[in-house]
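Engineer: return atomic coordinates for the entry below.
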Amino acid sequence: MPVRIPDNLPAAGILVSENIFVMSETRAAHQDIRPMKVLILNLMPNKIETETQLLRLLGNTPLQVDVELLRIHDQASRHTPSDHMNTFYRDFAEIADNNYDGLIVTGAPLGQIEYESVSFWDRFCTIIDWSRTHVTSTLFLCWAAHAGLYHLYGLERNILPQKRSGVFAHRRAQQPHPLLRGFDDEFYAPHSRFAEIPLPVLQTHPQLQVLAHADDVGAYLVLSHDNRQLFVTGHPEYHKYTLRDEYQRDLAAGLAPRVPQHYFCGDDPQNPVLARWLGHGSLLFSNWLNYYVYQLTPYDLNNMAGMTPWER
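Structural biologist: Okay, the predicted model is just below:
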């Protein structure tokens, strides 16, 4: 089934060339079907690249997904044309009265900045609080995962002495769990971050469950016990060359970055990239959409208005 996107969104051409089924709003309007309504709060600097990565995964499921793009503020973006932002993105005030099946909150390059010092922190908290009564399930990625755990559960992160970048082997929880259906006992996922929340803190929290972790990078998948928030500390959406591009960007900026671990063959940046997380990235998004969005959400989204997360 297709992911439904705005007419003329730049990602459409890329996804079609990859044989991913996307459908324009105009075409979808003629279908009598109730699509999943998913809102994406895109905090990444390069909006178009991140849109494409996420739509690639959302378009690889058997569900029709109606995607809307949300921005955190109306300030001009340095990395995305203003015409693109004004055409395809909505402000929170425009959607605040709506209900959604799912919300995806992306990462942001803010890993070394105190949360309260982030210029849009108050807006971020407002949207997260709103999501608890207007969204069936929210998926947080990387920085947003740590920020969400801090805002919702008061969990502090530790700033790392060096950026953790690379592709790491993770172990899944052994008990059966819908989110992990089809997962291998060991699987790979990319990370690119400056902070972490200690694994024992998350494992012992009474309202959270750690579903996957790695010895060298800590928790990867953390789910709230009410199944309404999924915190993903890595980047399952990353394209094959995203870590390479980040590494080259940091080199050009004179930051002397560490070579992404377990990413280039032989850990040599002159060698080809070894992509081994793409399948599990797709599976994660498919399982989330199926088990935590589609199977839990009401058919009429108006039925969730005014209800607490525990009543839905």
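
Engineer: quick one: pLDDT of residue 307?
Structural biologist: At residue 307, the pLDDT value in this model is 44.

Engineer: nope, residue 101 is what I meant
Structural biologist: Predicted confidence (pLDDT) for residue 101: 95.

Engineer: what's around residue 250, how many residues?
Structural biologist: Residues near residue 250, counting by other C-beta atoms under 10 Å, number 15. Glycine gets a C-beta too; all of them are placed from N, C-alpha and C.

Engineer: mind listing the helices for the stretch 201-312 of the chain?
Structural biologist: 242-252, 278-287 (DSSP state H, counting those that start in this stretch).

Engineer: end to end on stretch 67-75, go ahead and measure it.
Structural biologist: This stretch, stretch 67-75, spans 22 Å end to end (C-alpha to C-alpha, to the nearest Å).

Engineer: sorry, back to before: of the helices of the stretch 201-312 of the chain, which stretch is the most buried?
Structural biologist: Most buried of the helices of the stretch 201-312 of the chain, by mean neighbour count (mean count of other C-beta atoms under 10 Å): helix 278-287, with a mean of 20.

Engineer: give me the contacts around that one.
Structural biologist: For helix 278-287, the external contacting residues (C-beta atoms under 8 Å, 6 or more residues apart in numbering) are 57-58, 60-62, 178-184, 187-189, 221, 232, 236-238, 240.

Engineer: stretch 190-197 now?
Structural biologist: The contact list for stretch 190-197, computed with C-beta under 8 Å, 6+ apart, reads 107, 111-112, 142-143, 146, 149, 155-160, 163-168, 217-219, 233-236, 238, 242-243, 246, 260, 263, 277.

Engineer: which ones among those residues map onto strands?
Structural biologist: 158-160, 163-168, 218-219 (DSSP state E).

Engineer: in a markdown table: the helices of the stretch 201-312 of the chain, plus distance to residue 103 and mean pLDDT.
Structural biologist: Formatted as a markdown table, the helices of the stretch 201-312 of the chain follow (distance: least, C-beta to C-beta, whole Å; pLDDT from 0 to 100):
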| stretch | distance to residue 103 | mean pLDDT |
| --- | --- | --- |
| helix 242-252 | 22 | 96 |
| helix 278-287 | 13 | 96 |
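
Engineer: pLDDT-wise, which helix or strand of the chain ranks last?
Structural biologist: helix 25-28 (a mean of 54; mean pLDDT, DSSP states H and E).

Engineer: circling back to that earlier point, mark which of the contacts of helix 278-287 are buried, thanks.
Structural biologist: Applying 16 or more other C-beta atoms under 10 Å to the contacts of helix 278-287, the neighbour count classes 57-58, 60-61, 179-180, 183, 187-189, 221, 232, 236-238 as buried.

Engineer: so which of those residues are in strands?
Structural biologist: Among the buried ones among the contacts of helix 278-287, DSSP E puts 187-189, 221, 232 in strands.
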